[in-house]
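> Below is the structure, and that's it, no one-letter string:
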């Protein structure tokens, strides 16, 4: 095999080529590269044979697409030089530009007869030459094998390899748009590849080895270096769960991600921090609570503007419900149409103008028909203007909340109804209790504490009339906020407080300082609710901690005697003492120091989340008592006793004993 540069006019596509066809192939992906750099990879050719005798030309065994692309580029350059092909295609009867006609003419010529280089190229002589590897004379089978190897064995480079190449080009002074033009890629595709540079090398290596998917990598580009390290630690721990795909986005943003594009307010002026998607498509708010505070103000301003524009009403549909268009009918502003502002849980706000509930629309239609019988079909205009309605609404609201101060029992029920059903001002989420393994999930589901809480929840669901099949009290019920409020008004204080305890339990954040504050206040003894199981023991890795636990369950002498043993042996000793197996004395009611109230650590190294949470709870409590006289602590205790139902009135009086 030898290498030569062969003119385009001396080349044609062989019948042995797998791309031989009457129709010219699609070369749009390689055309930009050939325009910029020419044909760099040699074509595989062999001498043409005509009736058993050699012909002066060569037929292409592999590289037909490069050949067709080179012909199109040659045609374009002829037009630029004002050659004969440009004059031939200059007629604009079809509405094509000269360049489009030239490209079409070259491609059509190849399609009409791929065998004939004379017919495939323009009659004007062309000096363009292509690098070719000339095969020794052989049979068609060898040529077909060469074509298959050239086309099938080729693998596109993975994104990490592209990133390495693109990064080298950037260092050489190339701009991203130059890279896009050279390789025929969209600018966004180049930015996506370059965004991989924000990832830790180990994450890039996992992606190269296809151990993580593209969706996971994309969301990891949103993570800081510390978050990437934390994710890698989870991914490399066989007993931990590393979130992937869209679950990873929730992990990065603490459960909720709100795209910046959904904001109704000026993000730059608000000063809220955002995290940009390094692929250049999306950015998200770092603090979702701050976002909702600003978004709710913007929604209320939008509602006010809508009312001032003359609409009969503007109704905010909160994230707990949805606006279903099929339940409404279109109605013009002059016919009493309303505006529905649909606020979604992801922050998106959709405004539906000019709608009426179908039942109300039917009633208005009947009224109009009766008016037609009496000689008038005109719909009566609203009694109040939108501005007057806002005035009335605001003053009624002020009066109700002032009077509510004298009715804490009613306020309690209203608050519980809001916590259960939510509103556009209330967003209460259920603690997901996300387990990182099936064993942990099973351990939690089978615990006594979960069984007792679920039993209490089922009882409260029945009391509230929600039905025992509801998964949670929070978000349950189908009668809406006012329906839940009406049900709670019919219940005694004790029943309402029971429901409140369930709702609070469902929405109490795991691992928070609030858990520590409540557990310490009411004196929770974990030994009454938990006992060590395999799921717990399997998570233990620290030898110093395990040795201290051996001292707690077996005594200091046993711990000293086994000071040099491996973690597996130490776990076996703990397991035997907790079960009373292997002739060892059974240890009843043992809980690790981390689970006690208050919690403590086994070492001085720190890193115990429950201890840190308890310290936060103590600090916040101390700060609170610095602002209030300590002598009121007794009154606080009495309030707590009343809230727990001791000596509280069950019926009749609207006010709680407090």
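Everything's here; your move. Just so it is clear, the model here is predicted, and its values are computed rather than measured.
> Quick one: name whatever helix or strand follows the helix ranked longest in the chain.
Ranked by residue count under DSSP state H, the longest helix found in the chain is helix 288-308. The helix or strand immediately downstream of helix 288-308 is strand 314-317, counting by DSSP states H and E.
> Buried residues of that next one, list them for me.
Under the neighbour-count criterion of 16 or more other CB atoms under 10 Å, strand 314-317 has 314, 316-317 buried. From N, CA and C alone the C-beta is placed, and that goes for glycine too.
> which among the residues you listed gets closest to residue 169?
Comparing the buried residues of strand 314-317 against residue 169 with CB to CB picks out residue 317 as the nearest, at 50.9 Å.
> thought that closest one was touching residue 340?
Yes - using CB atoms under 8 Å, residue 317 makes contact with residue 340 at a distance of 5.6 Å.
> shared neighbours of these two, anything?
residue 323 (CB atoms under 8 Å, 6 or more residues apart in numbering).
> Report the contact partners of residue 275.
222, 283-286 are the contacts of residue 275 under CB under 8 Å, 6+ apart.
> Then residue 520?
597-598, 614, 617.
> What of residue 228?
Contact analysis of residue 228 by CB under 8 Å, 6+ apart lists 199-200, 203, 220.
> Low-confidence ranges, the stretch 451-600 of the chain, go.
Counting by pLDDT under 70, the stretch 451-600 of the chain shows low-confidence ranges at 468, 477-478.
> repeat that for 50
Along the stretch 451-600 of the chain, the model assigns pLDDT under 50 to no residue.
> Just give the closest residue to residue 482, not the sequence neighbours.
residue 417 (7.9 Å; CB to CB, 6 or more residues apart in numbering).
> Now do the contacts for that neighbour.
For residue 417, the contact set (CB under 8 Å, 6+ apart) comprises 481-482, 484-485, 488.
> and which of those is nearest to residue 497?
The closest of the contacts of residue 417, once distances to residue 497 are taken by CB to CB, is residue 488, at 10.9 Å.
> and the helix or strand where the closest one lies, which residues are buried?
Under the criterion of DSSP H and E, residue 488 resides in helix 480-489. Judged by neighbour count (16+ other CB under 10 Å), helix 480-489 contains these buried residues: 481, 484-485, 487-488.
> rewinding a little: name the member of the contacts of residue 275 with the most neighbours.
residue 285 (26 neighbours; other CB atoms under 10 Å).
> which residues touch it?
Residue 285 makes contact with 258, 260, 263, 272-275, 291, 347 under the criterion CB under 8 Å, 6+ apart.
> ok, now with 6 Å
Contact partners of residue 285, counting by CB atoms under 6 Å, 6 or more residues apart in numbering, are 258, 272, 274, 291.
> Which of those residues ranks first by neighbour count?
Sorting the contacts of residue 285 by how many neighbours each has (other CB under 10 Å) puts residue 291 first, at 23 neighbours.
> With adjacent residues omitted, what lies nearest to it?
residue 285 (4.3 Å).
> Columns distance to residue 235 on top of the buried residues of helix 480-489, output as TSV?
Formatted as TSV, the buried residues of helix 480-489 follow (distance: CB to CB, whole Å):
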residue	distance to residue 235
481	43
484	43
485	47
487	47
488	46
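> And those, which is closest to residue 353?
Nearest to residue 353 among these: residue 481, at 24.7 Å, using CB to CB.
> any idea how far that closest one is from residue 292?
18 Å (CB to CB, to the nearest Å).
> again, but for residue 417
Distance from residue 417 to residue 292, by CB to CB: 20 Å.
> after the helix or strand of the chain with the lowest mean pLDDT comes which helix or strand?
The least trusted helix or strand in the chain, going by mean pLDDT, DSSP states H and E, turns out to be helix 117-120, with a mean of 36. Using DSSP H and E, the helix or strand that follows helix 117-120 in sequence is strand 129-134.
> For that next one, which helices and strands make contact with it?
Contacts defined by 3 or more CB pairs under 6 Å, 6 or more residues apart in numbering; DSSP states H and E place strand 129-134 against strand 2-7, strand 43-50.
> want to throw those strands into a markdown table with distance to residue 354?
Output for the helices and strands packed on strand 129-134, formatted as a markdown table (distance: least, CB to CB, whole Å):
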| stretch | distance to residue 354 |
| --- | --- |
| strand 2-7 | 70 |
| strand 43-50 | 65 |
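> Now render those strands as a markdown table, adding mean pLDDT.
Formatted as a markdown table, those follow (pLDDT from 0 to 100):
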| stretch | mean pLDDT |
| --- | --- |
| strand 2-7 | 84 |
| strand 43-50 | 81 |
